[in-house]
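>>> sharing a model that was predicted from the sequence below.
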Amino acid sequence: MSGVAATAPEQPTEEMENQIKSPTAVPNVPPDYNSHFVPGPAGPAAPSPAVLPMGYYIPQQPGAIPLYHPIGRTRPIQYQPGKYPLMNQPAAIMWMPGPAPMPNCPPGLEYLAQLDNIHVLQHFEPLELLTGFQTNNRYDIKNNMDQMVYIVTEDTDDFTRNAYRSLRPFVLRVTDCLGREIMTMQRPFRCTCCCFCCPCARQELEVQCPPGVTIGFVAEHWNLCRASYSIQNEKKESLMRVRGPCATYGCGSDSVFEINSLDGVSNIGSVIRKWNGCLSTMGNADHFEICFPLALDVKMKAMIFGSCFLIDFMYFESSPAPRHSST
């Protein structure tokens, strides 16, 4: 009939299935329908995202959580002076704000340039009180606002501490809020078996700031009635004198060590050992208050600060005799 259009001859069902299957067909695998996908008309092109600065994220769909991927080198976290968190501590330690560097001032002594009064607080060591075993002394240096300025730690081996007790040679390391060692104080061993007036029996303390650079010495002078020291420069030239009380073991009262000029006329400052009670005295937890003029040179302030530790070891470091088992 002329009104009917011609149609393509029907193909068997098996031939149509063979055309759909790919030449590399694998049994039990879904057929690949991508070859029969006919793309539609091209739509409008999406605008290219603007270039964002380094470290920013690309906005996502509304309601989605954006992901932040830092690009480039990351910087370490730096704690500013003021509140310095310590690990494994119940609370953060309040540090004194760090001052700006000063000309002709050893690094780390800028704190002393802003202070005219500091407190030296020795840690209480219950192990020494219970067993008599000497441990390294530790001190907290604070200002009048109870802010930490320095931390002083003794570095002495166990044998030296327990063999020589309060006469032991020691090394004290002074660190700041960043953990930098800004000052080192060394006390050599001096024999006390001979006459006290002999120069070889007099105690001495060397102060280095920064470590390795000597800025002065604290030398003991023989005196029959009271403690006497001289504060010297790096050339061992006397600059100031320290005079202690006649009785340094005052019970119930403070012990004052005056810092005077060489002629003894003008008073420069003082090192005061505060009375804290019998328990603190037995546990070697001393409290010193150091006073000096605000305009005094920072190196001289460091020397007065160092004299406090020599005074502590010589007069207030009560070292009990080691216990021996009875035979």
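Thanks, I have the structure now. Quick caveat, the model's predicted, so the values are computed rather than measured. Residues are numbered from 1 along each chain as shown.

>>> what's around residue 122, how many residues?
22 (other CB atoms under 10 Å). C-beta: built from backbone N, CA, C; applies to glycine.

>>> pretty sure it sits against residue 138.
Yes. Using CB atoms under 8 Å, residue 122 is in contact with residue 138, at 7.2 Å.

>>> and residue 244, what does it touch?
Applying CB atoms under 8 Å, 6 or more residues apart in numbering to residue 244 gives the contacts 226, 227, 228, 255, 256, 257, 258, 311, 315.

>>> enumerate the beta-bridge partners assigned to the fourth one.
Put plainly, it is residue 255. residue 273 (DSSP bridges).

>>> my guess is it meets residue 272, correct?
Yes. Between residue 255 and residue 272 a contact is recorded at 7.1 Å, counting by CB under 8 Å.

>>> of the two, which one has the most company?
Remark: of residue 255 and residue 272, residue 255 carries more neighbours, 21 against 18, as counted by other CB under 10 Å.

>>> quick check, pLDDT for that one.
Here the pLDDT value assigned to residue 255 is 90.

>>> distance of it relative to residue 203?
Look at residue 255 and residue 203: by CB to CB, to the nearest Å, they are 17 Å apart.

>>> what do you get for residue 171?
As defined by CB to CB, residue 171 lies at a distance of 15 Å from residue 203.

>>> these two - which one has more neighbours?
Using other CB under 10 Å as the criterion, residue 171 and residue 203 rank with residue 203 on top: 18 against 15.

>>> all helices of the chain, in order?
13-20, 110-113, 126-131, 158-164, 278-282, 298-311 (DSSP state H).

>>> could you list the residues in contact with the shortest one?
Taking CB under 8 Å, 6+ apart as the criterion, the residues outside helix 110-113 that touch it are 96, 98-102, 105, 118, 149-150, 176, 298, 301-302, 305.

>>> residue 263: which of the residues you listed is nearest?
Lowest distance from residue 263 to the contacts of helix 110-113 (CB to CB) belongs to residue 301, with 20.8 Å.

>>> so what's the closest residue to residue 274 other than its chain neighbours up against?
In space, and not counting its chain neighbours, residue 274 is closest to residue 287: 4.2 Å by CB to CB, 6 or more residues apart in numbering. Applying CB under 8 Å, 6+ apart, we find residue 287 in contact with 119, 120, 121, 122, 273, 274, 276, 280.

>>> please apply the same query to residue 262.
Counted by CB under 8 Å, 6+ apart, residue 262 has contacts 238, 239, 240, 241.

>>> need the buried ones from those residues selected in PyMOL.
Of the contacts of residue 262, the buried ones go into a single PyMOL selection, burial set by 16 or more other CB atoms under 10 Å:
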select buried, resi 239+240+241
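
>>> from the contacts of residue 262, which two are the most distant?
Using CB to CB, those span at most 8.8 Å, a distance reached by 239 and 241.

>>> mind checking how far residue 296 is from residue 178?
Remark: distance between residue 296 and residue 178 (CB to CB) = 25 Å.

>>> isn't residue 313 right up against residue 169?
No. With contacts defined as CB under 8 Å, residue 313 does not count as touching residue 169, sitting 10.0 Å away.

>>> check contacts around the closest residue to residue 242 other than its chain neighbours.
Leaving aside its sequence neighbours, residue 242 sits nearest to residue 229 (CB to CB, 6+ apart; 4.0 Å). Under the criterion of CB under 8 Å, 6+ apart, the neighbours of residue 229 are 218, 219, 220, 221, 241, 242, 307, 310, 311.

>>> show me which of the residues you listed are buried.
218, 219, 220, 241, 242, 307, 310, 311.

>>> let's have the residues you listed in JSON lines, adding pLDDT and distance to residue 126.
Converted to JSON lines, those look like this (pLDDT from 0 to 100; distance: CB to CB, whole Å):
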{"residue": "218", "pLDDT": "97", "distance to residue 126": "30"}
{"residue": "219", "pLDDT": "95", "distance to residue 126": "35"}
{"residue": "220", "pLDDT": "92", "distance to residue 126": "31"}
{"residue": "241", "pLDDT": "95", "distance to residue 126": "37"}
{"residue": "242", "pLDDT": "95", "distance to residue 126": "32"}
{"residue": "307", "pLDDT": "96", "distance to residue 126": "28"}
{"residue": "310", "pLDDT": "94", "distance to residue 126": "25"}
{"residue": "311", "pLDDT": "93", "distance to residue 126": "24"}
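
>>> for the stretch 151-300 of the chain, which segments count as strands?
Ranges of strands within the stretch 151-300 of the chain are 170-175, 181-187, 204-208, 214-221, 228-233, 238-243, 255-260, 267-274, 287-291, based on DSSP state E, counting those that start in this stretch.

>>> per-residue pLDDT, the nearest residue to residue 269 once chain neighbours are set aside?
Nearest non-adjacent residue to residue 269, counting by CB to CB, 6+ apart: residue 292, 3.7 Å away. Confidence at residue 292, expressed as pLDDT, is 96.
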